[in-house]
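K.L.:
Fold the following, please.
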Amino acid sequence: MNIFVLMKRTFDTEEKIVINNGKVNEEGAEFIINPYDEYAIEEAIQVRDKVGGEVTVVTVGNEDSEKELRTALAMGCDKAVLINIEDDVEESDQFTTAKVLAEYLKDKEPHLILAGNVAIDGGSGQVGPRVAELLGIPYVTTITKLDIDGDKATIVRDVEGDEEVIEASLPLLVTAQQGLNEPRYPSLPGIMKAKKKPLDEVELDDLDLDEDDVEAKTKTVEIFLPPKKEAGKILQGELTDQVKELVTLLRTEAKVI
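P.N.:
Predicted coordinates for the structure are as follows:
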């Protein structure tokens, strides 16, 4: 089975993030594999181990993404591909990424494509469905279980606190939700093997695309951190007095009653 994983390099939201001039200061940021993409990587490896085939992890970005690709290889992926658009594209968005990925995948005859449900830095959840639409294949989002039997897939997906069971045929694209599996950590043998696994670099010219073909359809005007919350108030005194003060504060400051 020809399995592909769409991976994104994202900044670690659990580390300190600094905003300068409406943009994230990448020099001081820590970068990781998008956590939802880790579920996709793990599921791809498990499917390969069950039914056979090969797992290729693909990302769109620049040479800085090689670190995350090597991590995916250390987890167990067989191949990695970096589509480097840094020198050709000044501004990109979800359309850009999806267009580039679809152009790369169109002649690769993928049976199964996995991606994260959303990226933690943008949260749009658009890239996976856009790629499927451009390739003309079915897709199912927010999956929490995947079973492959021949050219058929049985999928459980999360729907507003409930579950939905779907049957689909391959080729197919799915996006992984938390709960699909427990992503493995790269082992020392896996890290050593990853150094010898192929990591290919592709540019727009290799895909017969130019900057106009992948021009962003949206523009990020500004990025900003949420305002700091004021310290909470501790009410003191007799309980009846505290209740009166609380009601007054809810009416005059919080304005919720």
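K.L.:
tell me the domain boundaries of this protein?
P.N.:
Here the domain parsing of the chain from automatic domain parsing is 2-214, 228-257.
K.L.:
winner for burial among the ones you listed?
P.N.:
Greatest average neighbour count among the domains of the chain goes to domain 2-214 (a mean of 18), per mean count of other CB atoms under 10 Å. C-betas here are computed from N, CA, C, even on glycine.
K.L.:
Can you give me the first-to-last residue distance of stretch 220-233?
P.N.:
In stretch 220-233, first residue to last residue: 37 Å (CA to CA, to the nearest Å).
K.L.:
ditto for stretch 149-165
P.N.:
Stretch 149-165: ends 15 Å apart by CA to CA.
K.L.:
Quick one: the helices in the stretch 101-250 of the chain, in order.
P.N.:
All helices of the stretch 101-250 of the chain, identified by DSSP state H, counting those that start in this stretch, fall at 127-135, 188-194, 239-252.
K.L.:
Turn the ones you listed into CSV, including distance to I83 and mean pLDDT.
P.N.:
Listed next are the helices of the stretch 101-250 of the chain as CSV, based on distance: least, CB to CB, whole Å; pLDDT from 0 to 100:
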stretch, distance to I83, mean pLDDT
helix 127-135, 12, 96
helix 188-194, 19, 93
helix 239-252, 54, 90
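K.L.:
so which of those comes closest to L204?
P.N.:
helix 127-135 (15.9 Å; CB to CB).
K.L.:
Give the other helices and strands that the closest one contacts.
P.N.:
strand 2-6, helix 94-105, strand 112-116, strand 139-149, strand 172-176 (3 or more CB pairs under 8 Å, 6 or more residues apart in numbering; DSSP states H and E).
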